[in-house]
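[1] Based on what follows, work out the 3D shape:
(chains A and B, ligands or ions: 5)
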Number of protein chains: 2
Amino acid sequence: MASMSSFVGSAQDPHQDFTIHNLPLGIGETWAGDGKRTVLSRIGDTVVNLDALASGGFLSGPILSSDVGRSALRSNSLNELADLGPNAWFELRQTLQRLLSSNEGVLRDDKAAREKVFYGLDDVVMRCPMEVGDYTDFYSSKEHASNVGAMFGRDPPLMHNWGCLPVGYHGRASSVVVSGTPVRRPRGLVLPKGATDPVYKECGVLDYELEMGFFVGQGNDLGCPVPCDDARKHILGLVLVNDWSARDIQKFEYVPLGPFTAKNFATTVSPWIVTLDALEPFEMEAPEQTLAPVSSYLCHSAGRPRQTYDIDLEVSISTSQNPETKTIATRSNFKHLYWTIDQMLAHHTVTGCNARTGDLIATGTITGSREDPMSYGSLLEKSWGGTRNFKLDCGAERTYLLDGDRVTMRGRCERGGVRVGFGECTGVVLPANPEASN
Amino acid sequence: MASMSSFVGSAQDPHQDFTIHNLPLGIGETWAGDGKRTVLSRIGDTVVNLDALASGGFLSGPILSSDVGRSALRSNSLNELADLGPNAWFELRQTLQRLLSSNEGVLRDDKAAREKVFYGLDDVVMRCPMEVGDYTDFYSSKEHASNVGAMFGRDPPLMHNWGCLPVGYHGRASSVVVSGTPVRRPRGLVLPKGATDPVYKECGVLDYELEMGFFVGQGNDLGCPVPCDDARKHILGLVLVNDWSARDIQKFEYVPLGPFTAKNFATTVSPWIVTLDALEPFEMEAPEQTLAPVSSYLCHSAGRPRQTYDIDLEVSISTSQNPETKTIATRSNFKHLYWTIDQMLAHHTVTGCNARTGDLIATGTITGSREDPMSYGSLLEKSWGGTRNFKLDCGAERTYLLDGDRVTMRGRCERGGVRVGFGECTGVVLPANPEASN
Ligand SMILES: [Ca+2]
Ligand SMILES: [Ca+2]
Ligand SMILES: [Mg+2]
Ligand SMILES: [Mg+2]
Ligand code: NI
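    Residues are numbered from 1 along each chain as shown, chains lettered A, B, ... in the order given. Ligands and ions are numbered 1, 2, ... in the order given. Next up is the predicted model:
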């Protein structure tokens, strides 16, 4: 597998996320202005129009050449393709890998065909890859939850239930936006230090949360939980997620029903869904779960290990004054998560909740190690509740995000010469809307 | 207005919810088996096919006879009509009221036309009235929140933030089901009394929550909050809501991020959306807000009063042994809510969250008075945390719901001889799925 290569030159770049081992799925508008959304993949710096590929007769596998397969690729969202299930995704990936490999001439040697199905990155505006029915956010990093607990003075820092189940809450689907969408600083109710009454004001403590999320492919019926063993059959793939958070608003509102307006103003996802098939080479055993006994519905059958993925993650920040100077603020890895994606989906559906095609389920902030502040997945932790500044490479200092700051997340896997990456999940902070002032 | 009457006989029944003053909106399948969903209204025990009415040329107003209006009535959901905005809803209601009134002959005297547009109740299977993008649940009853706080030993029973903003959380949209859908008793993690580790078991403490909810008509853009004064322009109408709750599962999971699997297995709504226009005769001033100063974004402009509605609510329970014997378990009224629907929408969007057409926003449990246990909107309160039984009229006793129990909610307004009701929101409890057992 490591020796596979593509005839698309940019795919061979050693720093390329979108190698022939990746072949992610996305949705974009391929012609400026006409607004038609198209099902896409990507190889190197080339975007592949899968509808055009199917029209050209290149996708001859049994599922994708059928009526439902053809309809899914002609759709303006990925939901139809996701609903076809893992065999369809596998067939598509296998076919693409063959069509794009160095030793296959059918596209390589057909300039007219290539002109119909290949686009430059600049010819495409990427959109949110799926129509999100429901968005859920978990809290699966032991290191992150422990940091937050310790900061709030809890000893031990983790609550008892945290070790027994993957704690999660329902988020807001309407404000899930694609990478590149600017994020407006919110206004809300904040309790100033020492005050008894809250004040309606601009958020002063705007934060990012480094997360990943998975999109549900085929859903489950209401009343029929998904067992751990079956979870991955329901998961199309992963994206990077920035769960923007207004800490001061959150602090005042969140007891007892959880975060609400502090999180529902924007959640950014990367545009390319990296499939579980593409991530398979980077599977590894998940950390042992020693905090508490794990209930049967959160366990795989005997002999089936709890698997996670080795995905390096980083967050960089740049300012509007020095947009070219990016400071790495966080370096972490998906593999540190205590709860796996299988356990998240099994828990989400345990009482019978139906997951639907297009649902986004995020992991929660991914912090690497409590000993290493560079691995902290949020500024809340990095600044230890706002008590510590850090220096950007451009010389400026930050505790939390200022207007004009750009936050960019990246993720990549590499093993034995095989590389698969997520591209970026980026957003710039806009000043609060002046019209909303009081 | 009180003197208006319809030529549809059943609409004149003094106990009829669906008088000529109501004319709610719903979605149903009008022919058994073909699965086509149609936009409907209702008068008495007659269902009105609005698509057929438009096809017959009866809806001649400027909005509904336009291409977008015609398309909205031909749709298989109410979302398109909702997105047309208040002028379209008003036009539809005015036209229907005229067409169905006693002194208008155009339908009354045209048997062939009536046969095309009128259906019996048994000819229609009602579906969820809207495609729900996001579901949010508030916690707006001071009496309910105080009961819960007191039960948990808090003194004062209300948290400080409760009086400053309408506390709410994101719920699960996928499991919003229409009245009549059975609800399966969930399984999940429960901490037995005195135990240190939780057990995976059937919910033993299944509850209803008497709520109402509103559906969003036209949404707002991300980043642009809806002011209180504009809120009702964005609201199509109200339905009854039963926010089924697994109290034992909730207790173990909900700190610190709020209820999750304990609430996401089902939320039942009544099928007929009663529009704000129909509720106008029952408007009344909302209770004074004396707990804390109310921030500007939660206030109307000077001179515009905070309005709510006078809607009598009741919950009845019957058992599988005695399905005909219905015991009233709760009698309450919408007017007791501390926070208004305007304030809920203004708060929901204050940080910039975008509401979308079809979003369901529920009020939270509506308890009437802390002095009157018959007004408690949940069994959690009625049984005071499971410590008190109550007798059903059939002789059985209950603390919480048992398998086979049916919970039915009703709501109605009456003033000066004008009556508008919500029909019912009902669901029966099925035993836990045996296959999910461990
Ligand atoms: Ca988060
Ligand atoms: Ca509720
Ligand atoms: Mg978010
Ligand atoms: Mg519910
Ligand atoms: Ni390399």
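[2] which SS state does the closest residue to ligand 1 within the stretch 1-150 of chain A fall under?
    Of all residues in the stretch 1-150 of chain A, the one sitting closest to ligand 1 is residue A:137 (4.5 Å; Cβ to the ion). Placement of C-beta: from N, CA and C, glycine included. With DSSP: H, G, I helix; E, B strand; the rest coil as the basis, residue A:137 sits in strand.
[3] so what secondary structure elements neighbour the longest helix seen in chain A?
    Ranked by residue count under DSSP state H, the longest helix found in chain A is helix A:86-100. Packed against helix A:86-100 by the contact rule (3 or more Cβ pairs under 8 Å, 6 or more residues apart in numbering or on different chains; DSSP states H and E) you find strand A:37-43, helix A:79-84, helix A:105-108, helix A:276-279.
[4] and the second one, anywhere near chain B?
    No: applying Cβ under 8 Å from any Cβ of the partner chain, one finds helix A:79-84 separated from chain B by no less than 13.3 Å.
[5] Give the bridge partners for whichever residue of the stretch 101-250 of chain A sits closest to ligand 2, please.
    Distances from the stretch 101-250 of chain A to ligand 2, computed as Cβ to the ion, single out residue A:170 as the nearest residue at 12.4 Å. Beta-bridge partners recorded for residue A:170 (DSSP bridges): residue A:136.
[6] Can you give me the distance of it to ligand 4?
    10 Å (Cβ to the ion, to the nearest Å).
[7] can you pull the contacts of that residue?
    With Cβ atoms under 8 Å, 6 or more residues apart in numbering or on different chains as the criterion, the residues that contact residue A:170 are A:134-137, B:169-172, B:260, B:264.
[8] What of residue A:80?
    Listed by Cβ under 8 Å, 6+ apart, the contact partners of residue A:80 are A:68, A:71-72.
[9] Can I get those residues in a markdown table including distance to ligand 4 and neighbour count?
    As requested, those are exported to a markdown table (distance: Cβ to the ion, whole Å; neighbours: other Cβ atoms under 10 Å in any protein chain shown):
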| residue | distance to ligand 4 | neighbour count |
| --- | --- | --- |
| A:68 | 33 | 13 |
| A:71 | 34 | 13 |
| A:72 | 32 | 25 |
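[10] Could you list which of those residues belong to helices?
    Cross-referencing these with the helices (criterion: DSSP H) gives A:68, A:71-72 as the overlap.
[11] Quick check: pLDDT value at whichever residue of the stretch 201-350 of chain A sits closest to chain B.
    Shortest the stretch 201-350 of chain A-to-chain B distance, computed as Cβ to the nearest Cβ: residue-wise this is residue A:258, at 2.9 Å. According to the prediction, residue A:258 has pLDDT 91.
[12] Next, give phi and psi for it.
    Listed backbone geometry of residue A:258 is phi 100, psi 180, with angles given as degrees, to the nearest 10.
[13] just checking, it touches residue B:258?
    Yes: taking Cβ atoms under 8 Å as the contact criterion, residue A:258 and residue B:258 are neighbours in contact, 2.9 Å apart.
[14] so what sits against both of these two?
    Contact criterion Cβ under 8 Å, 6+ apart; residues shared by residue A:258 and residue B:258: A:169, B:169.
[15] how many degrees apart are the longest helix of chain A and strand A:37-43 in direction?
    60 degrees (axes from the mean of the first three to the mean of the last three Cα atoms, to 10 degrees).
[16] What is the neighbour count of the residue lying closest to residue A:196 once chain neighbours are set aside?
    Distance criterion Cβ to Cβ, 6 or more residues apart in numbering or on different chains; nearest residue to residue A:196, sequence neighbours excluded, is residue B:160 at 7.9 Å. A count of neighbours around residue B:160, defined by other Cβ atoms under 10 Å in any protein chain shown, yields 15.
[17] Grab the longest strand from chain A for me.
    Ranked by residue count, the top strand of chain A under DSSP state E comes out as strand A:418-430.
[18] I'd like to know which elements that strand is packed against.
    Here strand A:418-430 is seen to pack against strand A:183-184, strand A:235-242, strand A:267-269, strand A:274-275, strand A:406-415 when contacts are counted using 3+ Cβ pairs under 8 Å, 6+ apart.
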